[in-house]
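Chemist: I'll drop the sequence and a predicted model, then ask my questions.
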Amino acid sequence: MSLLEVNQMSMFFGGLAALSGVTFGVEKGEILALIGPNGAGKTTLFNCVNGFYKPTLGTVSFRGQKISGLEPHVVCRMGLARTFQVVKPLQRMSVLDNVIASAFLRTKTRAEAVDLATEILEFTGLLEDRDVISKGLPLGKRKRLEIARALATKPEMILLDESFAGLNPAELDVSIEIIRGIKAQGITIMIIEHHMKVIMSISDRIVVLNYGQKIAEGSPADIRANPLVVEAYLGGEA
Amino acid sequence: MNKKYIPFILIGALLVLPQLGLSSYVLHILILALMWATAGMAWNLLGGYCGQVSFGHAAFFGMGAYCAGLLAHHYDITPWLGFLVSVPVVAALALVMGFIVLRLRGPYFVLATLAIGELLRIIAENLVDLTQGNLGVLIRRTWVDKDPYYYVILALALGTYFLIQRIMASRWGYYFVAIREDQDAAESLGINTTLYKTIALAISAVITGFTGAFYMNYMGYIDPQIVFSLGDISIVMIMVVMVGGVATPLGPWVGAVIMVILAEWIRSLPVIGTGYQTLFGILLIVIIIFLPNGLVGDLPKIKRFFKKEVPA
Amino acid sequence: MWVQAEVFLQTLVSGLLLGGLYALIGIGMTLILGVMKIINLTHGQLMMVAMYLAFWLFTLFGIDPYLSLLIVPPLMFAFGMGIQKFLVNPVLRVESILPHNQVILTVGIGMVLQNLATLFFTSDYRSIPVGYASTVWYLTDLWRDSPVELSFSLPWVVSFMLAVVITLMLWFFLAKTDTGKSIRATAQDRDAAMLMGVHVGWMRVITFGLGSALVAAAGCLFIPIYYLFPALGSQFTLIAFVITILGGLGSTIGAILGGLLLGVFESMTATYVGMGWAPAGRFVVFVAALVFLPGGVASLLKRRKLGK
C-alpha cells in the first residue's frame, strides 16, 4: 500500500474536466514529481488532495484512510502539509510568528512552539530573517517560508507547489539542498515543478499530466524517453 | 524611569481618580469612556485581530442589558446577576450565529451581524409581555453615588485588557491573526478556521454582553431603540476601534476617550447637536481614508506627517 | 373555497408586483457587488435620497414621479459615480488591516445621508398625493365570467411594468453594448479584463453610478405607492442585501428571482401571519438562505445546467 493513493480522481468545474480519472500512488520516503504543461491540472490535484476541493469522482487515501472530502485542517492534522504556488504568507506577521502559528499544531506551550519554529527556520536558512515582517520578504525567501511553515506542522508527507519558480541560481541551490534535507528526515514529498533540470536530478519518480489526464509515470529516465511526454510537454524545450 | 512601571502608574492613577473630588459629570464621562473601551476591546478581538468585521455587536450589548434588566424587572433579583446570566445567553447566540455564517466565506458574516442586531431589536419591540416593548425597562439603581460604578467598570475594563493580552500571546491569538491574514493558508496549516472564528466571536460577544449588563445597571433604563441601535451602539463600537487603532491593545482606550468626549461635546452644541450622526459619519469616512489603522495604529504615519511639516 | 383561493391569488399578485420593484433594487446591489466585490450598505439610503428628489420635484414643480424617472436616475448616476470616485476608490488604495474597510465606508456614507435627510426634511412620513394613487382595476371588468375577483392597483401595475422595462433595458445594455460587456468582464475576472484593455477603475465608477441609478429608479417607482421617511433608507438596505443573498451574490438573474421571491414571501407573511411580522419574515428568509442555500437561487440554476 502506498502512503498516498489517488484513485480514479476526476474534478469538474461547470462541465469542464480539470482532472479525469487520474490514478497513482506515492510511496513512503520518495520524491514524486508532478509535471505537465500549464493548465494540466496539477494545482487542482493538490487542492483535491489537501481538501480545498472535494473531487467530483474518485478518492484520495492517506495512510490507508480516505481523506477526500475532509477539510484541509483535518488533512493537515493527519500529517499531510502543503505549500502554495502563489505564496500566502501571513503578511503582517513576522517570519518567526508565521512559523510559530503553524508549529502550534504539534506543540502545547508557546515556548515549545517557539523552539520548534526556531529549529525549522534554521533548517530552511531563514533564521536571520525571523523578525522581518513577511510582507517585506523577497520572493525567494517567501517561497522558503512556505516550506518552513509546512514543515512546522511536522508532516509525514509534504506537497510542494512550484517551490522553485522564480528563484535565482543561488537560491535554487539552497532550495534543492532543503528538499534533500527534508527527504533525509524521512518525509515523503510530492512536488509540482517546471524546472526540468531540478526535477530530473531530485525526483525518484515522475507523473505527467496533460489536459487533466495522466499520460505517463515512471523514473526520470523513462519519462525522458517517453514519446508521449516529449510530444505533449518536453517537445519544445528538450 | 523604567518603562516597566508605566502600566502600574497608569492603573494606580485610574484607581485614585474618583478620589480627587471630580464632578459627577466628569466621573460620568469617565465611566462611559471605560465602558466603550471595554466594548471596543471586545470588538477589536473579533474584528481587529481575527479580521471578522461585525456590524451587529449591539445584539450582544442589548442581550446583556436585557438579561440584567429583565431579571430585576420580573423577579426583583439584583440586576448585577445579569452579568452571570448573560454569559450562557449571549454565548448561545454567538455560537448559533457562528455555526450558521462563519463556515461561509465572503460578506456573509458582515451581513448576518447587521441583520442580527436589527432582528433582535424587532423581537424586543414585539415581545411586549417579556420586554415591555418600546416602553423599555426601568430598574432601581443600586447606588446613588457614581464611585462604585466607576470601580466596577474599571475592573471590567482592566480584566478585559489583560484577558485579551493573554489570549493574543497564546495559541488562540496566533490562530486569530493567521485567520485574518489568510484563511486558506491558516486552514492548510491545520487551523480549524470555523472553530477559531467562532471562539473569537463568542469571547467578544460575552464581553460585549457584560458592557450591556453594566449599562443597564448604571443607567437604570433601557429600551430596544437604545441598546439594539445600529448607529448608537454597533457603529460606535466600530468607530471606537477605528479611531483609536485597529488590532492594537491600547487603541480602543484612546478611541473610547475621544469618541465619548466628542459625542458629549457635539450633542451639547445648539443647532449642530441633532446632526451628530452626520459628523460621526464624516469622521468615520475621514478615518477610513486617511488613518485606516487608527491613531495608535498609524502613529508612525502621523509622526512622519508632522516631521515633514515642522522643518519646512 | 373560492374565497380562500381569491385571498391567496390576491396575495400572490401583490407579492409579485412588490417583488418586481424589489428585483430592481437587488439588481443594483448585485451589480456593484459583482464588480467591486463589496456590499454596498448605503444602497437603501441612495433610494431614500432619490425618493426625496422625486418628492420635491413633484411638490415644487408638479413633476409626476413617473416622469421624474427621466431626471432622478441620471442625477443619482452622477452622485453614485462621485461616491465611487472620491470616496470608495481612495479607500481601495489605502493599506489597512481590516478587510472590510470599503463596507464600513458605505455604512458611514449611509449614516450621513440618513441623518442629513432627517435634519432637512424631519422624520415625518410623507407621500405624494397623485391623482391615480387609488385607481384600481378589477379582473371582472376585463373578464366578466372570472370565477375569482382580483384587484390591481393602477400605480402598482404601472410601477411593476416600468420595472420590467428598465430591467430589459439593463439586460440589453449589459449584453449588447461594449461598456456593458466590459462591466461583465470586470465582474467575472478583474485581472483578465485589465489585460484585455478594460479600464477597470472607470468600470467601477460606472458600475456604482449604474447601481445608484437603478435603485433611484426603484425609488421613483415606489414613491406613488409608498410612504417616505429618512429611516426608510436602512430598511431598504436590509431588503437589498436579503435579496442579494437569496439570489446568489453577484448574479443578476438571481437578484430578479430573489426579489420576486422576497416580495411574495413578505406579502404572504403579511396576509397569513400578520402585518407586523413582515419585517421579521425577511430575516427568516435571510437565515434560511444562509443555512440551506448559501449560493442563493443562482446556485440552483447552475446545478440544473450541470445536470443537463
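Modeler: All right, it came through fine. Numbers count the residues shown, from 1 in each chain, chains lettered A, B, ... in the order given.

Chemist: which other helices and strands contact the longest helix seen in chain A?
Modeler: Using DSSP state H to assign secondary structure, the helix with the most residues in chain A is helix A:169-184. Judged by 3 or more CB pairs under 8 Å, 6 or more residues apart in numbering or on different chains; DSSP states H and E, helix A:169-184 is in contact with helix A:139-151, strand A:188-192, helix A:196-202. (Each C-beta comes from the backbone N, C-alpha and C, glycine too.)

Chemist: Going by neighbour count, which residues in it are buried?
Modeler: By 16 or more other CB atoms under 10 Å in any protein chain shown, the buried positions in helix A:169-184 come out as A:Glu171, A:Leu172, A:Ser175, A:Ile176, A:Ile178, A:Ile179, A:Ile182, A:Lys183.

Chemist: before we move on, what about stretch B:170-184?
Modeler: Under the neighbour-count criterion of 16+ other CB under 10 Å, stretch B:170-184 has B:171-183 buried.

Chemist: Okay, now the unreliable bits of chain C?
Modeler: Applying pLDDT under 70 to chain C flags the ranges C:1, C:276, C:302-308.

Chemist: Over to chain A?
Modeler: A:233-238.

Chemist: number of nearby residues for B:Trp80?
Modeler: 16 (other CB atoms under 10 Å in any protein chain shown).

Chemist: Would you check that it makes contact with B:Trp143?
Modeler: No - using CB atoms under 8 Å, B:Trp80 is not in contact with B:Trp143, being 10.9 Å away.

Chemist: For C:Thr179, list the residues it contacts.
Modeler: By CB atoms under 8 Å, 6 or more residues apart in numbering or on different chains, C:Thr179 lies in contact with C:Phe173, C:Met203, C:Ile206.

Chemist: cutoff 10 Å now
Modeler: Residues in contact with C:Thr179 (CB atoms under 10 Å, 6 or more residues apart in numbering or on different chains) are C:Phe173, C:Val198, C:Trp202, C:Met203, C:Ile206, C:Thr207, C:Leu210.

Chemist: now do B:Met259
Modeler: B:Met259 sits in contact with B:32-33, B:36-37, B:40, B:236-237, B:239-244, B:252, B:280, B:283, where contact means CB under 10 Å, 6+ apart.

Chemist: before we move on, the earlier item: which members of the contacts of C:Thr179 are positioned in strands?
Modeler: Among the contacts of C:Thr179, no member falls in strands (DSSP state E).

Chemist: Now do the shared contacts for B:Trp80 and B:Trp143.
Modeler: The contact lists of B:Trp80 and B:Trp143 share B:Val152, B:Asn217, where a contact means CB under 10 Å, 6+ apart.

Chemist: May I ask you to confirm that A:Ser10 is in contact with A:Leu16?
Modeler: No - using CB atoms under 10 Å, A:Ser10 makes no contact with A:Leu16, being 11.3 Å away.

Chemist: can I assume A:Thr59 sits in a helix?
Modeler: No - A:Thr59: not assigned to a helix; according to DSSP: H, G, I helix; E, B strand; the rest coil it is strand.

Chemist: Alright, calling it a day.
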